[in-house]
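Student: Any chance you can model this:
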Amino acid sequence: MNRDDASLPGAIPEGAELPDLRFMRAALEEAARAHAAGEVPVGAVVVLNGEIVGRGWNRPIGSHDPSAHAEIGALRDAAARLGNYRLPGCELYVTLEPCAMCAGAIQHARIARVVWGAADPKTGACGSVVDLFAEPRLNHHARSVGGVMAAECAGTLQAFFAERRALARARREQGGGPAAPASAASRPGGPGHRAEPDDPARTIDPA
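Tutor: Numbers count the residues shown, from 1 in each chain. Alright, predicted model coming up:
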């Protein structure tokens, strides 16, 4: 199946399996929690033996923590539940391609397999910008499968930013001038910003 096919709703890209849809939907539920909190909607779950053992959603703004990406939250939750900082045999599902920070944490946790939804052409570390899981000099290599429910995952991000733009536009039309956004996530380049993967004008996590 080619990359275009993988972007269709419910499509299974090469290397993916039918259970991946179930767990990506669970990751999308976590992304919805981020959206409700005014955070950029990215969600993740950690799975062991077909059961979810860790959940996380993007929350760097509310937690004042630049490391609080969805993947980090899910890894921390799984490690606490399993009583081990290593998570061998576990799989991680995330709605947006992991960045270098999250890819490093995934490697340190010894995650066996990473499944992600929408590609991130600005900071993606699973092939879009770099592929840390294919770097031969590193001592652990998780298998990476991308494009699972890509359209749904990208749509979640696009809807979030469309809402923010509509809100800002409505405030301007009311004659109040540029109002302070509901959260820093509504500003392109805001702290912890993770943006629409198909919008090259936006950066996801600028330095």
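Student: in what helix or strand does the closest residue to Cys99 other than its chain neighbours lie?
Tutor: Residue nearest to Cys99 in three dimensions, not counting chain neighbours: Thr123, with 4.5 Å by C-beta to C-beta, 6 or more residues apart in numbering. All C-beta spots, glycine's among them, are computed from the backbone N, C-alpha and C. Assigning secondary structure by DSSP states H and E places Thr123 outside every helix and strand.
Student: Let me see the ranges of the helices in this protein.
Tutor: For the chain, applying DSSP state H gives helices covering 3-6, 19-36, 60-63, 70-82, 100-108, 150-173.
Student: which parts of the second one are buried?
Tutor: Within helix 19-36, the residues that qualify as buried by neighbour count (16 or more other C-beta atoms under 10 Å) are 20-21, 23-28, 30-31, 33-35.
Student: Format the helices of the chain as CSV; extra columns: distance to Ser128.
Tutor: Output for these, formatted as CSV (distance: least, C-beta to C-beta, whole Å):
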stretch, distance to Ser128
helix 3-6, 12
helix 19-36, 18
helix 60-63, 20
helix 70-82, 15
helix 100-108, 11
helix 150-173, 12
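Student: and those helices, which is most packed in?
Tutor: Neighbour counts (mean count of other C-beta atoms under 10 Å) averaged over each of those peak at helix 70-82, with a mean of 22.
Student: Report all helices and strands that that one contacts.
Tutor: helix 19-36, strand 43-48, strand 51-57, strand 91-96, helix 100-108 (3 or more C-beta pairs under 8 Å, 6 or more residues apart in numbering; DSSP states H and E).
Student: Need those in CSV (columns: mean pLDDT).
Tutor: Below are these laid out as CSV (pLDDT from 0 to 100):
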stretch, mean pLDDT
helix 19-36, 97
strand 43-48, 98
strand 51-57, 98
strand 91-96, 98
helix 100-108, 97
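Student: Tell me how far the residue lying closest to Gly89 once chain neighbours are set aside lies from Val145.
Tutor: For Gly89, ignoring the flanking residues on the chain, the nearest one in space by C-beta to C-beta, 6+ apart is Ala112 at 5.6 Å. As judged by C-beta to C-beta, to the nearest Å, Ala112 and Val145 stand 12 Å apart.
Student: Repeat that for Met101.
Tutor: In terms of C-beta to C-beta, Met101 sits 20 Å off from Val145.
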